[in-house]
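Undergrad: Here's a sequence, model it:
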Amino acid sequence: MSLSSEELERYARHIVLRGLGGPGQQKLKKARVLVIGAGGLGAPLIQYLAAAGVGTIGIADDDEVSLSNLQRQVLHGTPDIGRSKVESARDAVARLNPHVSVALHALRVTPENARELVRAYDFIADGSDNFATRYAVSDACFFERKTLVTAAVGEFDASLTTLKPYLTGANGKPNPTYRCLFPDPPPPGAIPACAEAGIIGALTGIVGAMMALEVIRECAGGFDAHDEGLVGKLLMIDTRAMRFETIRYSWDPDNVLNGVADA
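TA: Residues are numbered from 1 along each chain as shown. Modelled structure (predicted):
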């Protein structure tokens, strides 16, 4: 897939970048990425994917823009209050990069529709704000063999990982699933919602941009031969201590998706 003269200039800093270059930029143009959620994480994620030249961005969200969103959901503006988030996001992408196609999915992702939704895309990025959606998306990506970048934020903390459980790791075992990391969702009410606990707005910008970096890495096939990314690793961020820590996790043979406990 060739790049036009305008695209060559637009993506010039990518094209001269060792580890990405013209071939990587062409891969970005061919990629189809589904973003779950056009809120705090989805807003910067969508912006950076569009700016990077991802060819098709699907956006799934059933919510409308509210005034309280604007403290962190920087894709939207005051004139967008009351509008569908997916429509507001589509217009923002059009202003940023007309070479990007946007597919709108004005719906809530559920176990019933998740597999059909993710099936049409190459890579999935989940920035949803609830465990029900995270489990629905991660399970669907497992069964449809899709790479998933998923993140979550709290008041001052966040976590981020990339999942490829359909591949085998260097140890000869399957890469971990989301359920290897978090076997079961927490009890209802155990973790307060954003509206109750609050959240520092800039944190979502940091994490959303890091999600975009992971997606771009996956679209391009890695930045070099030694590129690891976050497969099998959980990046944890504590903004109060300004501490970034990465822990490794592995496939759990007791997980309900591809475990062997009942075999």
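Undergrad: got any ranges where the chain has weak pLDDT?
TA: Scanning the chain for pLDDT under 70 picks out the ranges 189-196, 261-263.
Undergrad: 90 instead?
TA: 1-2, 129, 169-171, 184-198, 224-228, 259-263 (pLDDT under 90).
Undergrad: Enumerate the positions of the lengthiest helix in it that are buried.
TA: In the chain, taking DSSP state H as the definition, the longest helix is helix 201-220. Neighbour-count burial for helix 201-220, counted by 16 or more other Cβ atoms under 10 Å, picks out 203-208, 210-220. For the C-beta atoms, the positions are set from N, CA and C on the backbone; glycine is no exception.
Undergrad: Going along the chain, name the strands of this structure.
TA: 32-36, 56-60, 101-105, 123-126, 147-153, 157-163, 233-238, 243-248 (DSSP state E).
Undergrad: Can you add distance to Thr133 and mean neighbour count and give the ones you listed back as TSV?
TA: Output for these, formatted as TSV (distance: least, Cβ to Cβ, whole Å; neighbours: other Cβ atoms under 10 Å):
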stretch	distance to Thr133	mean neighbour count
strand 32-36	7	27
strand 56-60	9	24
strand 101-105	13	16
strand 123-126	7	27
strand 147-153	10	25
strand 157-163	15	22
strand 233-238	19	16
strand 243-248	24	11
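Undergrad: Export those as CSV, with columns for distance to Ala94.
TA: Shown next, in CSV, are the strands of the chain (distance: least, Cβ to Cβ, whole Å):
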stretch, distance to Ala94
strand 32-36, 16
strand 56-60, 11
strand 101-105, 7
strand 123-126, 20
strand 147-153, 24
strand 157-163, 28
strand 233-238, 31
strand 243-248, 34
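Undergrad: Excluding chain neighbours, give the residue nearest to Asp224 in space.
TA: In space, and not counting its chain neighbours, Asp224 is closest to Gly19: 5.1 Å by Cβ to Cβ, 6 or more residues apart in numbering.
Undergrad: How many residues are close by that neighbour?
TA: Using other Cβ atoms under 10 Å, Gly19 is surrounded by 13 other residues.
Undergrad: For it, give me its contacts.
TA: 223-224, 227 (Cβ atoms under 8 Å, 6 or more residues apart in numbering).
Undergrad: now do Cys219
TA: So Cys219 contacts 27-28, 31, 33, 54, 122-123 (Cβ under 8 Å, 6+ apart).
Undergrad: Quick check: it vs Thr56, distance?
TA: 11 Å (Cβ to Cβ, to the nearest Å).
Undergrad: can you check Glu87 too?
TA: 17 Å.
Undergrad: And for Leu45?
TA: Taking Cβ to Cβ, one finds Leu45 at 15 Å from Thr56.
Undergrad: And the residue nearest the centre of the chain?
TA: Ala125 (2.3 Å; Cα atoms, centre = their mean).
Undergrad: Contact partners for the closest residue to that one other than its chain neighbours?
TA: Excluding the flanking residues, the one nearest Ala125 by Cβ to Cβ, 6+ apart is Val149, at 4.6 Å. Applying Cβ under 8 Å, 6+ apart, we find Val149 in contact with 123-126, 160-163, 211, 214-215, 218, 230.
Undergrad: who's Val149 bridged to?
TA: Counting by DSSP bridges, Val149 is bridged to Ala125, Thr162.
Undergrad: my guess is the residue nearest to the centre of the chain contacts Ala31, does it?
TA: No: applying Cβ atoms under 8 Å, one finds Ala125 not in contact with Ala31, separated by 11.4 Å.
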